[in-house]
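>>> Provided below for reference: sequence and predicted model.
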Amino acid sequence: MARTLNILLLLFLPFLMLGIINRVKALAGGRKGFPLLQPFFDTLKLLRKGAVVSTVTSWVFAVAPALALAATFTALLIAPGVGRTQVIAFDGDIVLCLYLLGLAKFFQLISALDTGSAFEGMGASREALFSVIVEPSLFIFAGTLALVSGHMSFGELFSLSGGSAWPTVAASAGAIMLFLILLTEGCRIPIDDPNTHLELTMIHEVMILDNSGPDLAFLQYAAALKMYLFATLIAALILPADIPAIHAAFALPVVALLCAVLAGLVESLLARFRISHVPQFLFLTVALSLITLAAAIYFRGGVA
Amino acid sequence: MSQILTILFGVGILYLALTSRMRTYIQVIALQGFILFLLIVRDFGHIDWFTFFFLAFETLAFKTIIVPVMLWRIVERTHVAREADPNIPQFGSIVIGTIVFLSGFAVTDWVSRTDPSVDALAFGIAVSTLIIAFFIILSRKKLITQVMGYMLMQNAVALLMIAMAVELPLLVNLGVLLDIFTLMFLFLLFLGKLHSTYEETSREKLTSLRDQP
């Protein structure tokens, strides 16, 4: 039941998160905003359209959107969902999950380079730089949780216990870190601006300028899924493990939607950072993961 | 709850190490003041009501409202709202801030072994904040940042007090309060005068000051 619910949530909640972010921004700006499920309808509309493909591109450009979506979707099947249940679970699944995200990113980057556009190359370069900074923090954090819990599976990784301050430090620092990664990977302000129309200031959007129709729909859905993935990780971190199944079914969507509200507030209150300042900001995620590791060592008397 | 607040306090100072906006500095100082107020309300209910009321009022009114407002007035008067102008690259600041934090936990480990009654998390974050505040004073060129560094140190001392579960005597608190107030007023006058004379409030410009011939 929980697994079916996990898959159902994957189909709607990512779009709803985007809708809520836009609604919060609209309300903060004194506007009414478009319907909450507009991103879902936009994606459906794109799926019905045809794709225009540049003649200079190769097979990489053709397969990248579908591959990025498939990899991200599979990663979400591994990630802990309702009540920390996973659709696919095995020992070491966390490594596969993170590498699937890496694979999706890799194909998006080479697809952007494949178009031969200088602007898309610039966007790919920036996106790669930000991923290079963010990924170590994810691996350090996941590694710390794996060493502390003694498990290598996503479902059991988040059983924070032992040591006076360790569970609070891990949950708080981890949730802040994951939220920053959610903003980065979701291409949101203050790292990126999904609404910008100036190629020079784009990051993720400039990479997908040449995509249209179903390809664009796949990439937009993949980006929304990635945001949802980090929201599920935040939920797994902060929600208690022993809540009843019926509560867990509501708790995950509530946490995901709260993350969307928070992201909308951040977008409304903060200006986008200068590109040169973004790596410094992202280093904060590495710092937080290192602090979690240090907390594991000092508050638990070791990581094993 | 107090652990989450303490961690937020620590993340605030870590964020300061990488930001360069004066407005953010002031916001973090105010946020830390409010966190201290919540911690005092939560942890010091057992002391006599007058001291408790004074501590809570002083933290809320002084650290959360008055000082940030005064700092904002200085920033507006001297037009230094944009950059903190660090001596070393911003990236270096966040790396040093992280190392200080990790060392802070090591100190915490040592202290909690010798005195188990100390709140290890709050102690570690207070020590780290103290050192990072000192680092901010040393590494930023703008004079206003020095005052902010002092305020951060003051916040760190207050957190240290909470970590060790001791309330400072009322007289000491009043003395510290007076000191900080005097410092703020002097800096307001000093920076205002410096700005009107030299149109610059960078620490580096002080080296070229001369007596009138």
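Nice, thanks for sending it over. The structure displayed is predicted, hence computed values, not measured ones. Numbering: from 1, shown residues only, chains lettered A, B, ... in the order given.

>>> So what's the residue count around residue B:97?
24 (other CB atoms under 10 Å in any protein chain shown). Just so you know, the C-beta spots here come from the backbone N, C-alpha and C atoms, and that holds for glycine as well.

>>> Which residue is the nearest non-sequential neighbour of it?
Nearest non-adjacent residue to residue B:97, counting by CB to CB, 6 or more residues apart in numbering or on different chains: residue B:17, 3.4 Å away.

>>> buried set for the helix or strand harbouring that neighbour?
Residue B:17 belongs to helix B:2-18 when assigned by DSSP states H and E. Judged by neighbour count using 16 or more other CB atoms under 10 Å in any protein chain shown, the buried positions of helix B:2-18 are B:2-3, B:5-18.

>>> With stretch A:95-112 instead?
Buried, per 16+ other CB under 10 Å, within stretch A:95-112: A:96-98, A:100-101, A:103-109, A:111-112.

>>> which among those gets closest to residue B:112?
Closest to residue B:112 out of these is residue A:98 (33.7 Å), distances taken as CB to CB.

>>> Return the alpha-carbon coordinates of the helix or strand hosting that closest one using PDB.
Assigned by DSSP H and E, residue A:98 belongs to helix A:93-114. Taking only C-alpha atoms (Å, rounded to 0.1, in the frame of the first residue of the first chain), the coordinates of helix A:93-114 have been written out as PDB:
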ATOM      1  CA  ASP A  93      20.900   1.300  -2.600                       C
ATOM      2  CA  ILE A  94      21.900   4.800  -1.400                       C
ATOM      3  CA  VAL A  95      25.000   4.700  -3.600                       C
ATOM      4  CA  LEU A  96      23.000   3.700  -6.600                       C
ATOM      5  CA  CYS A  97      20.500   6.500  -5.900                       C
ATOM      6  CA  LEU A  98      23.200   9.200  -5.700                       C
ATOM      7  CA  TYR A  99      24.900   7.800  -8.900                       C
ATOM      8  CA  LEU A 100      21.600   7.800 -10.700                       C
ATOM      9  CA  LEU A 101      21.200  11.500 -10.000                       C
ATOM     10  CA  GLY A 102      24.800  11.900 -11.200                       C
ATOM     11  CA  LEU A 103      24.000  10.000 -14.400                       C
ATOM     12  CA  ALA A 104      21.000  12.200 -15.100                       C
ATOM     13  CA  LYS A 105      23.100  15.300 -14.500                       C
ATOM     14  CA  PHE A 106      25.900  13.900 -16.800                       C
ATOM     15  CA  PHE A 107      23.500  13.300 -19.700                       C
ATOM     16  CA  GLN A 108      21.900  16.700 -19.300                       C
ATOM     17  CA  LEU A 109      25.400  18.300 -19.400                       C
ATOM     18  CA  ILE A 110      26.600  16.500 -22.500                       C
ATOM     19  CA  SER A 111      23.300  17.100 -24.200                       C
ATOM     20  CA  ALA A 112      23.700  20.800 -23.600                       C
ATOM     21  CA  LEU A 113      27.300  20.600 -25.000                       C
ATOM     22  CA  ASP A 114      26.000  18.600 -27.900                       C
END
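
>>> Which strands or helices does it pack on?
With contacts taken as 3 or more CB pairs under 8 Å, 6 or more residues apart in numbering or on different chains; DSSP states H and E, helix A:93-114 sits against helix A:59-78, helix A:118-149, helix A:154-157, helix A:204-207, helix A:213-238.

>>> Export those as JSON lines, with columns for mean neighbour count, distance to chain B and mean pLDDT.
Listed next are the helices and strands packed on helix A:93-114 as JSON lines, based on neighbours: other CB atoms under 10 Å in any protein chain shown; distance: least, CB to the nearest CB, whole Å; pLDDT from 0 to 100:
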{"stretch": "helix A:59-78", "mean neighbour count": "20", "distance to chain B": "27", "mean pLDDT": "95"}
{"stretch": "helix A:118-149", "mean neighbour count": "19", "distance to chain B": "11", "mean pLDDT": "88"}
{"stretch": "helix A:154-157", "mean neighbour count": "22", "distance to chain B": "20", "mean pLDDT": "83"}
{"stretch": "helix A:204-207", "mean neighbour count": "24", "distance to chain B": "23", "mean pLDDT": "84"}
{"stretch": "helix A:213-238", "mean neighbour count": "24", "distance to chain B": "10", "mean pLDDT": "94"}
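
>>> Distance to residue B:187 added to the ones you listed, as TSV?
What follows is the helices and strands packed on helix A:93-114, written out as TSV (distance: least, CB to CB, whole Å):
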stretch	distance to residue B:187
helix A:59-78	52
helix A:118-149	37
helix A:154-157	50
helix A:204-207	44
helix A:213-238	41
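
>>> For residue A:40, find the nearest of those helices.
For these, the distance to residue A:40 is smallest for helix A:213-238, at 9.3 Å, taking CB to CB.

>>> That closest one - contacts with which helices or strands?
Helices and strands touching helix A:213-238, by 3+ CB pairs under 8 Å, 6+ apart, are helix A:2-28, helix A:38-48, helix A:59-78, helix A:93-114, helix A:166-185, helix A:245-269.

>>> could you dump those helices to JSON lines with distance to residue B:89?
Below are the helices and strands packed on helix A:213-238 laid out as JSON lines (distance: least, CB to CB, whole Å):
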{"stretch": "helix A:2-28", "distance to residue B:89": "33"}
{"stretch": "helix A:38-48", "distance to residue B:89": "39"}
{"stretch": "helix A:59-78", "distance to residue B:89": "35"}
{"stretch": "helix A:93-114", "distance to residue B:89": "27"}
{"stretch": "helix A:166-185", "distance to residue B:89": "21"}
{"stretch": "helix A:245-269", "distance to residue B:89": "25"}
